[in-house]
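Structure, please.
(one chain, ligands or ions: 1)
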Amino acid sequence: MEKHSKAEPLHILFFPFFAPGHMIPMVDLAKLFSSHGVKSTILTTHANAPLIQPTIDHFNSNSTHHHLLPIALLLVPFPSAEVGLSPGVENSVSITTPEMRTKMLQAISLFRQPFDQILREQLIDAVITDNLFVWSSDAAAEFCVPRLVFSGSGVFNHCVGDSLLRYDPMSALQTEDETVVIPGLPHKIEMLRTQMPDPKKRPEFWKFALDMREAAEKSFGDVVNSFYDLESHYVEHYRNFIGRRAWLVGPLSLYNRDVADNSRRGNRVSIDWDECLNWLDSKQPGSVLYVCFGTISHISNIQLREIAIGLDASGKDFIWVVRDTEGGLDWLPEGLEEKRGLIIRGWAPQILILNHSAVGAFLTHCGWNSCTEGVSAGVPLITWPLFADQFYNEKVVVEIEKVGVSIGAKEFGFFPDTKSLIMADVIEKAVERVMGEGEEAAGVRKRARELGEKAKRAVEEGGSSRADLKQLIEELSARRNAKSK
Ligand code: UDP
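Here you go, the predicted model:
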């Protein structure tokens, strides 16, 4: 492989895991680096390309970006036959059974060979790879290229993960209904055992978590979709106690400024934005609840019906995103949509909706992207975590920043069969607690507004995220230039 000359731009290879919650922020990240003079190449598979290509095309054709360098997309085949997934099933959104999920995770290890091939053939100065691509630390090391880890979550989640692996507090628990205090964190963080994956029941996930940590420790550091003021105690803990380097460059959603950016982000929007805008424009400021459970979660029909009854009882207008895969709308009480709702069946322009002045709160499953997007819009959250890092993200929103209220979800699980129902009256009360007239609601709204302002300042010139980004680019450039001497 030839050496770079100093005059050439830094070249970073981005490799996100195949799920919208991982791909969307990684594409935002590539856009961010490109607009700061970095040559960015995104690696993905053929079936995932259509989810990214329109965003890249729009970005590349937009001459108003300063220092714009076009983003390149590089495609490799998905190992469908090797893992036994049907052709075209290349993204977590298509995963409907635990068996498919296992196969998807198996596929992760099979990208090492094509990844190595790219590092062999192209002049790459750094790779930013998903946390789940554990092997990429070794691959990068072999080619003397720094690997930066991107997990899609915030720093708090990394700190909790470190504590669980370091102290294993769950091993001392005897019964299912106990609570766990996560050891060694800056705040007292107490979780129900049922809100966390149990290492005894899922030893393979525990092992994978250990592998991810080991790979992360070997890497150059983490690039995080967060900002200092959102998780300041945990950034200090991560850097000073755990000893990991982290550059917080978010909220990444804030780099999508116009309607065109946001109606392509992650997928093709299933509603005409003008129609949505007209509907929102006809509502009072702060009067609409936005409801969305992300891109891969599953909610039972009986639970969806309970939500519908709760929303009706709350008396608030709502926009509710219902995924295509959830089948028909049999669970929806007749007349409710006409009375006070706009149901988006498929993909919503989430950022545009959240930033409309009519939206007063966001009922969210607490995916980290959704949390940071709600926070950036200055909108209070009603938190309803389901699985993954969502119960930890809820802690950031509700207990640390106090910009939301919890619906009271108690069971961690990808599929709905293990979960108890959250009843309509609970949902109604939660809406009142953030959108109502009471003191609690006013406080939550005020803090959410203020945090939204801090989020915006973080990505502006002089802000903490802008500074972290520049520092990282400078460090990677200096490293590259030292190598090419
Ligand atoms: N999203 C969207 N429209 C939708 C559903 C989701 O734009 O109808 C975006 C949302 O803005 C966020 C991402 O998809 O950027 C979902 O990521 P998150 O981490 O919130 O949840 P996940 O889907 O990974 O559980």
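
contacting residues around residue 41?
11, 12, 13, 14, 71, 72, 73, 74, 122, 124 (Cβ atoms under 8 Å, 6 or more residues apart in numbering). No exception for glycine: its C-beta is placed from N, CA and C like everyone else's.

and if we set it to 7 Å?
11, 13, 14, 72, 74 (Cβ atoms under 7 Å, 6 or more residues apart in numbering).

Need the three-state assignment for the closest residue to the fourth one other than its chain neighbours.
The shortest distance from residue 72 to any residue other than its chain neighbours is 4.5 Å, reached at residue 41 (Cβ to Cβ, 6 or more residues apart in numbering). With DSSP: H, G, I helix; E, B strand; the rest coil as the basis, residue 41 sits in strand.

Same question for residue 12.
Classified using three-state DSSP, residue 12 is strand.

where's the residue of the stretch 51-200 of the chain found nearest the ligand, which helix or strand?
Nearest residue of the stretch 51-200 of the chain to the ligand: residue 152, at 6.3 Å (Cβ to the nearest ligand atom). Assigned by DSSP states H and E, residue 152 falls within no helix or strand.

contacting residues around the residue of the stretch 301-450 of the chain found nearest the ligand?
Minimum separation of the stretch 301-450 of the chain from the ligand (Cβ to the nearest ligand atom) falls at residue 367, amounting to 2.2 Å. Contact analysis of residue 367 by Cβ under 7 Å, 6+ apart lists 21, 294, 390.

quick one: which of these has the most company?
residue 390 (26 neighbours; other Cβ atoms under 10 Å).

Around the ligand, pick out the residues from the stretch 351-485 of the chain.
Residues of the stretch 351-485 of the chain that fall close to the ligand, judged by Cβ under 6 Å from any ligand atom: 367, 368, 369, 370, 373.

Got the phi and psi for the last one?
The one in question is residue 373. The phi/psi pair for residue 373 (degrees, to the nearest 10) reads phi -70, psi -40.

One more: residue 437?
Dihedral angles (degrees, to the nearest 10) for residue 437: phi -90, psi -10.

measure it to residue 462 for me?
According to Cβ to Cβ, to the nearest Å, residue 437 and residue 462 sit 38 Å apart.

likewise residue 319?
35 Å.

go on, residue 52?
31 Å.

and those two? which has more neighbours close in?
Using other Cβ under 10 Å, the more surrounded residue of residue 52 and residue 462 is residue 52, with 21 against 8.

show me the contacts for the more buried one.
By Cβ under 7 Å, 6+ apart, the neighbours of residue 52 are 23, 27, 42, 44, 73.

I'd assumed it was in a helix, is it?
Yes: assessed with three-state DSSP, residue 52 lies in a helix.

Next, the distance between the ends of stretch 333-351.
End-to-end distance of stretch 333-351: 28 Å, with Cα to Cα, to the nearest Å as the criterion.

Which residues does that stretch contact?
Counting by Cβ under 7 Å, 6+ apart, 253, 256, 262-263, 265, 267-271, 273, 276, 279, 292, 308-309, 312, 317-322, 324, 373 sit against stretch 333-351.

Buried among the residues you listed? Make that a PyMOL selection.
In PyMOL syntax, the buried subset of the contacts of stretch 333-351 is picked out as below (16 or more other Cβ atoms under 10 Å):
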select buried, resi 253+256+262+263+265+267+269+271+273+276+279+292+308+309+312+317+318+319+320+321+322+373
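
just how off-centre is the lowest-mean-pLDDT helix or strand in the chain within its chain?
Using mean pLDDT, DSSP states H and E, helix 259-264 stands out as the lowest-scoring helix or strand of the chain, at a mean of 77. Chain-centre distance of helix 259-264: 18 Å, with Cα atoms, centre = their mean, to the nearest Å.

List of residues touching that helix?
54, 55, 58, 256, 269, 273, 349, 351, 352.

Likewise for stretch 457-472?
Contacts of stretch 457-472 (Cβ under 7 Å, 6+ apart): 32, 36, 227, 228, 229, 247, 248, 249, 250, 251, 254.

Please report how far the fifth one lies from the ligand.
Applying Cβ to the nearest ligand atom, to the nearest Å, the value for residue 229 to the ligand is 20 Å.

Could you look up the SS state of that residue?
Residue 229 is classified as helix under three-state DSSP.

Local confidence estimate at it?
We have a pLDDT of 98 for residue 229.

gap between it and residue 400?
Relative to residue 400, residue 229 is positioned 11 Å away (Cβ to Cβ).

Comparing the two, which residue is more hemmed in?
residue 229 (20 against 17).

Next to the ligand, which bits of this protein? Give me the list.
For the chain, the residues in contact with the ligand (Cβ under 6 Å from any ligand atom) are 19-21, 24, 265-266, 292, 294-297, 321, 347-348, 350, 367-370, 373.

all strands for the stretch 1-150 of the chain, in order.
Applying DSSP state E, counting those that start in this stretch to the stretch 1-150 of the chain gives strands spanning 11-15, 39-45, 72-76, 126-130, 147-150.

Please convert those strands to CSV, extending it with distance to residue 285.
CSV is the format used below for the strands of the stretch 1-150 of the chain (distance: least, Cβ to Cβ, whole Å):
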stretch, distance to residue 285
strand 11-15, 38
strand 39-45, 38
strand 72-76, 40
strand 126-130, 39
strand 147-150, 36
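
Sketch out the low-pLDDT regions of this protein for me.
Applying pLDDT under 70 to the chain flags residues 1-6, 63-67, 324-327, 485.

try 80 this time
Applying pLDDT under 80 to the chain flags residues 1-7, 62-68, 198-202, 257-264, 324-327, 417-418, 483-485.

Nearest the geometric middle of it, what residue?
With distances taken as Cα atoms, centre = their mean, residue 369 lies nearest the centre of the chain, 3.3 Å away.

isn't that residue right next to residue 26, touching?
No: using Cβ atoms under 7 Å, residue 369 makes no contact with residue 26, being 10.8 Å away.

Figure out the helix or strand that the closest residue to residue 405 other than its chain neighbours lives in.
Nearest non-adjacent residue to residue 405, counting by Cβ to Cβ, 6+ apart: residue 433, 4.6 Å away. Assigned by DSSP H and E, residue 433 belongs to helix 424-435.

ok, residues contacting that helix?
Contacts of helix 424-435 (Cβ under 7 Å, 6+ apart): 289, 306-307, 309-311, 313-314, 316, 360-361, 380, 382, 404-405, 407-408, 440-441, 444.

Give the ChimeraX command for selecting the buried subset of these.
Only the buried entries of the contacts of helix 424-435 go into this ChimeraX selection, using 16+ other Cβ under 10 Å:
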select :289,306,307,309,310,311,314,316,360,361,380,382,404,405,407,441,444
